[in-house]
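Trainee: give me a 3D structure for the following:
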Amino acid sequence: MIFIGILLSMATIAFLCWLLFTLAVFALPLFAGITAGTWAYDTGAGWLGVVVGLAAAGLTYALGQFLFAIVRPIWARLLIAAVFVVPAVAAGFHATHGIVKHTMPSQPWLMVFSILGAGVVGIVAFVRITERKAFGPSDGHRSPP
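Mentor: Next up is the predicted model:
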């Protein structure tokens, strides 16, 4: 019975890590949506604040994708990617910290693993944001293979 519990725990941790890596790209739109929805709800919009939050999250993601598609200089694309990656890194740090603090008694090692987790989540988020090969030649010509 303990063996099944261990396997289920490992499967749960694997699923949560997959979910974290998948949703890390959406950390900025989620933050923008929650902020706009909370503001709208607090100003008296009631449950319409949820709609405002969903609209703000969708617009933030759409604006990022639109800018990423039309901006040509690599330095500007890196800045746009950084705007989405930095909140993902913060989310990865806090998620890793929350998971590891239950298993790691040493505070320095807790920070080491949290920082490593943040770096891995940041790299995965950067790769997912730029997976359309957006950092290739910007003049539209392909080099021969």
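Trainee: quick one, helices of the protein?
Mentor: Along the chain, counting by DSSP state H, helices occupy 2-23, 27-40, 48-70, 74-100, 107-129.
Trainee: so where's this protein shaky on pLDDT?
Mentor: 132-145 (pLDDT under 70).
Trainee: ok now do the most centrally placed residue in the chain, which residues does it touch?
Mentor: When CA atoms, centre = their mean is applied to the chain, the residue found nearest the centroid is A24 (2.0 Å). By CB atoms under 8 Å, 6 or more residues apart in numbering, the contact set of A24 is A88, A91, G92, V121, G122, V124, A125, R128. Backbone N, C-alpha and C define where each C-beta goes, glycine included.
Trainee: now the closest residue to M104 other than its chain neighbours: how far from L19?
Mentor: Once flanking residues are discounted, M104 sits nearest to L110: 4.7 Å by CB to CB, 6 or more residues apart in numbering. Per CB to CB, to the nearest Å, L110 is found 22 Å from L19.
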